[in-house]
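Asker: One predicted model, sequence on top.
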Amino acid sequence: MNGYAGKILRMDLSNKEISENETPKKLINSFLGGDGFGTKLLYDEGSSPAFSEKNPVIITPCLFTGFPVPTAGKTIFHSKSPLTNIYAESVTGGGIGAAIKHAGYDSVVITGKSEKPCYVYIENEKTEIRDCDFWGKNSRETAKILKRNLGEDVVVASIGIAGENLVRFASVDCEDRQTGRGGIGAVMGSKKLKAIGVKGTKDLTPDNPEKLLELVEKWYKPMIESPAYNDDTKYGTGEFLEWMNNERGTFPTKNWQAGTFDGHKTISPYYWAPKYVKKNKACLSCVKPCGKLFKIDSGKYKGTMLDGIEYETLFSLGSNCGNADPEALAKANELCDLYGVDTISCGGAIGFAMEMYEKGMITKKDTDGIELKFGNSDAVPIMVEKIAKREGIGNILADGVRETSKKFQGSEDFAIHVKGMEPPAYEVRGIKGMGLAFMTSPRGACHLRSGAYALELTGKFWKFEGVDRFSSKNKGNEIKSMEDFMTVYDILGVCKFSRGIFLINGVLDFVEAVTGMKLSENEILKIAERTNNLKRMYNVREGITRKYFKLPKRITSEPLPDGVAKGRYIKPEEAEEMLDDYFKARGWDKNGNPTKEKSRELGLENI
Amino acid sequence: MKALVPYPKNCTGCRFCEMVCSLAKENLVNPRKARLRILKKDVASDIPVVCTQCGKCIEGCPQEAICKDNGVVKIDAEKCIGCGLCVEACPFNVITMVNDVAVKCDLCNGNPLCVKYCSQGGVKFEEVKA
């Protein structure tokens, strides 16, 4: 079928068996591609512990990936998370997915465990599992070695020492673009799988090339004339940090003890972009680049160089640790990228440790002499190093906030996670709908499953208007609808920052040009809804009942002490009310299980 | 005379130009069939490699299938025997073989799509000294 590569590649690292099968027509019709494919393939692999042979790592290019659809080039990784022990997905803007498609595959499913460190080399239809003699190298070194050995046109996804050391929030690096969330890098580490190198040289054939070129012409202009274009290209994703801090009071600070950060000025890109940014960087296919090549030319962090610093990281390794020094922040971010660590969870863990230190639950004895107080900026990169290497207290924090909190009595009260996932930079006490979204996300606290923060904070988006961020009313349908809306983008591989430009109607024309399929808005939203129900069914199978849909205690008991959202919090009964409302909107029962009627409606009853 | 000029400092490495080029010229998407390429060395370097219409391929062609016409070096597909000597002669490695015929940048009739769809100015179409 046009638009698809046509096959799915499977390999078992235990017995080195490699096989492929045709991409089933039914998979295409029911799940379309990208996140839909990955979710179904993951579900079909059954339930198994995250570090077991059976748990797969699934790498899926999205439907538009490889085609010139502006800002659409994403690749999505699926697995069971060793951090949360539930469903995990993580998206990257790196080129690995397009290479997989050019090699002839719509998805790659890797199971088993190698005895010795290995890497996988895919060159079109030829796949080899090879011995790896570069275990221990960082992400940039690994990419360099593979390109030197296999050719400059090889595209690489790799883990660093954090993945090797089974840090439960280890990321996968895709040539300086990462899949951060959920610890899929550690799953690769458990398989002794250091890297995947792909050389694909085949053509991708759109159904209607002329139409596709016309659509490029039609959508290119609105893309670069959008208000977001200037913000993205000048300052990157951190552009709205000051607004989040000053105008909304929802910039989480010091392990979520406050909603504003007094050091916001120096970690805002308004300050650091003119000083440190050398050039713009982009994901595959992006015409409005928010990536920034950040480089430090002098001082104690001289030589630090990374693609960043993203908004979420400005929070996690910045405000969450009371760190107002952009250089220490950049260094910590660079180390996360080189060692392969998710910046959000890592900063969550460090901030949590800092609060334990200030409360006297841990002392200098535990921290190898580090004064682990909020605001000790230089401690942040040191802690990243300790976590990646599992040294000292880093060995405990490397298991995430939830596991760490079990070891220190009383710390559960300020252990900030949902379903074991450290949350991103949205102080949900001042964005109640987002609080619900943190609870409902299948991978644990997440801003991207729903993207509802923008709607909540501005009051309107898509078909919603007059939304009140301080109210807990009518949030069920809003979050359900936004989750399905955003899943469309993860199926197609479109950047979520383009959601306001394309909306759904905009992307449907591209679906037709690429595949020949004419889908209506309702039809594609139904595919997204089916995908989201299957994610939930995966978690139901893992025993994730209603009690896991729970906000951190701090969010439901401590009013925000500062900023324009001062005094706000989500009362426990409000959280329950929103959850009831959401389950109802989803057609799920009181425990969050999809009802028979809903499953039948979505064609999931026999799964 | 106008020609393509690469600006590596502006290039973000998004590779949209390669995709659009192959789509426009070959009705399919394959960066290997694009008339330019983006060389990515590491996080700091994205280098657009473009045809400067230098004409080295003209000297390399044994069939006299390549000529310069109004500043554009063109390959006559009828005369091309697919020997690949022009590919070897090209100092920038931007001539490729598609279905045994050599293909190269023709500047899209004076409106190069790689320039049109580069929002960052990674490749520009501007006056150069002949």
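Answerer: Done, it's in. Residues are numbered from 1 along each chain as shown, chains lettered A, B, ... in the order given.

Asker: Can I get stretch B:93-105 in CSV? Just the C-alpha atoms.
Answerer: Included here for stretch B:93-105 are C-alpha records, laid out as CSV according to Å, rounded to 0.1, in the frame of the first residue of the first chain:
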residue,chain,number,x,y,z
ASN,B,93,29.3,14.2,-4.8
VAL,B,94,25.9,15.7,-5.8
ILE,B,95,25.3,13.8,-9.0
THR,B,96,23.4,10.6,-8.6
MET,B,97,22.3,7.7,-10.8
VAL,B,98,18.6,7.1,-11.0
ASN,B,99,17.6,4.2,-13.2
ASP,B,100,21.0,4.2,-14.8
VAL,B,101,20.8,7.8,-15.9
ALA,B,102,22.9,10.5,-14.2
VAL,B,103,20.8,13.3,-12.6
LYS,B,104,21.8,16.6,-11.1
CYS,B,105,20.5,19.9,-9.9
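
Asker: What are the buried residues along it?
Answerer: Within stretch B:93-105, the residues that qualify as buried are B:94-98, B:102-105, counting by 16 or more other C-beta atoms under 10 Å in any protein chain shown. Glycine gets a C-beta too; all of them are placed from N, C-alpha and C.

Asker: contact partners of it?
Answerer: Stretch B:93-105 is contacted from outside by B:4, B:25-26, B:32-37, B:49-51, B:53, B:57, B:65, B:73, B:75, B:77, B:80, B:82, B:84, B:86-87, B:90, B:112, using C-beta atoms under 8 Å, 6 or more residues apart in numbering or on different chains.

Asker: who are the neighbours of the lowest-mean-pLDDT helix or strand in chain B, in terms of helices and strands?
Answerer: The helix or strand of chain B with the poorest confidence is strand B:37-42; it has a mean of 91 (mean pLDDT, DSSP states H and E). Packing contacts for strand B:37-42, counted by 3 or more C-beta pairs under 8 Å, 6 or more residues apart in numbering or on different chains; DSSP states H and E, involve helix A:139-150, helix B:16-26, strand B:45-49.

Asker: Need the winner for burial among those.
Answerer: Among these, helix B:16-26 has the highest mean neighbour count (mean count of other C-beta atoms under 10 Å in any protein chain shown), at a mean of 24.

Asker: What mean pLDDT does that one get?
Answerer: Across helix B:16-26, pLDDT averages out at 98.

Asker: anything in that helix near chain A?
Answerer: Yes. For helix B:16-26 and chain A, the contact criterion (C-beta under 8 Å from any C-beta of the partner chain) is met by B:16, B:19-20, B:23-24, B:26.

Asker: so which of those residues comes closest to A:G433?
Answerer: Comparing the residues of helix B:16-26 next to chain A against A:G433 with C-beta to C-beta picks out B:F16 as the nearest, at 34.6 Å.

Asker: is it true that the closest one touches A:K288?
Answerer: No. Using C-beta atoms under 8 Å as the test, B:F16 is too far from A:K288 to be in contact (10.7 Å).

Asker: before we move on, back to that, which one of the residues of helix B:16-26 next to chain A is nearest chain A?
Answerer: For the residues of helix B:16-26 next to chain A, the residue nearest chain A by C-beta to the nearest C-beta is B:M19; the value is 3.7 Å.

Asker: What is the neighbour count of the residue of the stretch 451-600 of chain A found nearest chain B?
Answerer: Each residue of the stretch 451-600 of chain A has a distance to chain B, by C-beta to the nearest C-beta, and the smallest belongs to A:V514, at 9.6 Å. The local packing of A:V514 (other C-beta atoms under 10 Å in any protein chain shown) involves 29 other residues.

Asker: what helices or strands is the helix or strand hosting it leaning on?
Answerer: Assigning secondary structure by DSSP states H and E places A:V514 in helix A:499-515. The helices and strands touching helix A:499-515, judged by 3+ C-beta pairs under 8 Å, 6+ apart, are helix A:209-225, helix A:475-492, helix A:521-541.

Asker: Redo those as JSON lines? Include mean neighbour count.
Answerer: Formatted as JSON lines, the entries for the helices and strands packed on helix A:499-515 read as follows, by neighbours: other C-beta atoms under 10 Å in any protein chain shown:
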{"stretch": "helix A:209-225", "mean neighbour count": "17"}
{"stretch": "helix A:475-492", "mean neighbour count": "24"}
{"stretch": "helix A:521-541", "mean neighbour count": "20"}
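
Asker: Low-confidence ranges, chain B, go.
Answerer: Low-confidence segments of chain B, defined by pLDDT under 70, span residues B:130.

Asker: Outline the domain layout of it.
Answerer: The domain map for chain B lists B:1-50+B:110-130, B:53-104, with the assignment taken from automatic domain parsing.

Asker: So which of the contacts of stretch B:93-105 are in strands?
Answerer: Among the contacts of stretch B:93-105, the members falling in strands are B:4, B:37, B:49, B:73, B:75 (criterion: DSSP state E).

Asker: Narrow those to just the buried residues.
Answerer: Of the members of the ones in strands among the contacts of stretch B:93-105, the ones counted as buried by neighbours, 16+ other C-beta under 10 Å, are B:4, B:37, B:73, B:75.

Asker: between those, which is closest to chain A?
Answerer: Using C-beta to the nearest C-beta, B:R37 is the member of these that sits closest to chain A, with 8.9 Å.

Asker: quick one: contacts for the residue nearest to that closest one when sequence neighbours are not counted?
Answerer: The shortest distance from B:R37 to any non-neighbouring residue, by C-beta to C-beta, 6 or more residues apart in numbering or on different chains, is to B:V49 (5.1 Å). The neighbours of B:V49, taking C-beta under 8 Å, 6+ apart as the test, are B:6, B:36-39, B:92-94.

Asker: try 7 Å this time
Answerer: For B:V49, the contacting residues are B:6, B:36-37, B:39, B:92, B:94, by C-beta atoms under 7 Å, 6 or more residues apart in numbering or on different chains.

Asker: Nearest to chain A among those?
Answerer: B:L39 (7.1 Å).

Asker: list the buried ones in the one helix or strand A:L457 maps to?
Answerer: If you go by DSSP H and E, A:L457 is part of helix A:452-458. Applying a neighbour-count criterion of 16+ other C-beta under 10 Å, one finds A:452-457 buried in helix A:452-458.

Asker: pLDDT and distance to A:I122 for those - can I get that in CSV?
Answerer: Formatted as CSV, these follow (pLDDT from 0 to 100; distance: C-beta to C-beta, whole Å):
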residue, pLDDT, distance to A:I122
A:A452, 97, 37
A:Y453, 96, 37
A:A454, 94, 37
A:L455, 96, 40
A:E456, 98, 42
A:L457, 97, 42
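
Asker: Would you tell me which one of those residues comes nearest to A:Y569?
Answerer: Scanning the buried residues of helix A:452-458 for proximity to A:Y569, where the rule is C-beta to C-beta, the winner is A:E456, at 15.5 Å.

Asker: Kindly report the residues of the stretch 451-600 of chain A close to chain B.
Answerer: Counting by C-beta under 7 Å from any C-beta of the partner chain, no residue of the stretch 451-600 of chain A lies close to chain B.

Asker: out of everything not next to it in sequence, what's closest to whichever residue of the stretch 51-200 of chain A sits closest to chain B?
Answerer: Going by C-beta to the nearest C-beta, chain B is nearest to A:P68 of the stretch 51-200 of chain A, at 3.7 Å. Leaving out its chain neighbours, the residue that sits closest to A:P68 by C-beta to C-beta, 6+ apart is B:M19, at 3.7 Å.

Asker: In this structure the one you found contacts B:V29, no?
Answerer: Yes. Because the distance of 5.3 Å satisfies C-beta atoms under 7 Å, B:M19 is recorded as touching B:V29.

Asker: what residues are up against the residue nearest to A:K211 when sequence neighbours are not counted?
Answerer: Counting by C-beta to C-beta, 6+ apart, A:K211 lies nearest to A:A513, which is 4.2 Å off, once chain neighbours are set aside. The neighbourhood of A:A513, defined by C-beta under 7 Å, 6+ apart, consists of A:206-208, A:211-212, A:215.

Asker: Which residues belonging to the least confident helix or strand of chain B are considered buried?
Answerer: For strand B:37-42, by 16+ other C-beta under 10 Å, it's B:37-40.
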